[in-house]
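In: structure for this input, please:
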Amino acid sequence: MKNYTYQLLAYLLMIAATSYGQGEVSGIVLDKNTREPIPYANIIIKSNDSLITGGITEDNGKFVLSKVPFGSYTLEVQYIGYKTEVKSIELTKEDKKLSLDIITIIEDAVALEAVEVT
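Out: Below you'll find the predicted structure:
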């Protein structure tokens, strides 16, 4: 019986430790010009150039990153052919669920020179 009590106590402490001090960041990524959702864009949360967590947007441009520790971070939205969008965010125990609403990214057009095939 004593062994089960210790196991139960250890289990409860483990649950409390993993759920304490964590929040959620959500939003939707759109093309700034067309206002179309950007599917599969990379969402990265960093602290002093160190990766904290990340994910990708869904088909509809929405994303949710959960289990983000409380603190101040830099959020980056990256997608091939677009400029990286950078935002400063802060998660606190008073504001556990941070909704960034709409994040727009700008197409990064690069002009290429013509190639002549002979």
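
In: now the most centrally placed residue in the chain, which residues is it bridged with?
Out: By Cα atoms, centre = their mean, the chain has its centre lying nearest to residue 43, at 4.1 Å. Using DSSP bridges, the beta-bridge partners of residue 43 come out as residue 55, residue 77.

In: for the protein, what spans make up the helices?
Out: Listed from the start of the chain, the chain has helices (DSSP state H) covering 2-19.

In: which residues in it form strands?
Out: Along the chain, the segments classed as strands by DSSP state E run 22-31, 42-47, 50-56, 62-69, 71-78, 85-91, 97-105.

In: dump those to TSV, plus mean pLDDT and distance to residue 114.
Out: (Each C-beta comes from the backbone N, C-alpha and C, glycine too.) Listed next are the strands of the chain as TSV, based on pLDDT from 0 to 100; distance: least, Cβ to Cβ, whole Å:
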stretch	mean pLDDT	distance to residue 114
strand 22-31	96	27
strand 42-47	96	32
strand 50-56	95	35
strand 62-69	95	39
strand 71-78	96	29
strand 85-91	95	31
strand 97-105	95	28
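
In: in TSV: the ones you listed, plus distance to residue 116.
Out: Shown next, in TSV, are the strands of the chain (distance: least, Cβ to Cβ, whole Å):
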stretch	distance to residue 116
strand 22-31	33
strand 42-47	36
strand 50-56	39
strand 62-69	44
strand 71-78	34
strand 85-91	37
strand 97-105	34
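
In: dump the residue contacts of the residue nearest to the centre of the chain.
Out: Applying Cβ atoms under 8 Å, 6 or more residues apart in numbering to residue 43 gives the contacts 29, 54, 55, 56, 57, 63, 65, 75, 76, 77.

In: show me the residues around the first one that make contact.
Out: This points to residue 29. Counting by Cβ under 8 Å, 6+ apart, residue 29 touches 37, 38, 41, 43, 57, 61, 63, 77, 79, 103, 104, 105.

In: nearest to residue 113 among the residues you listed?
Out: residue 79 (24.7 Å; Cβ to Cβ).
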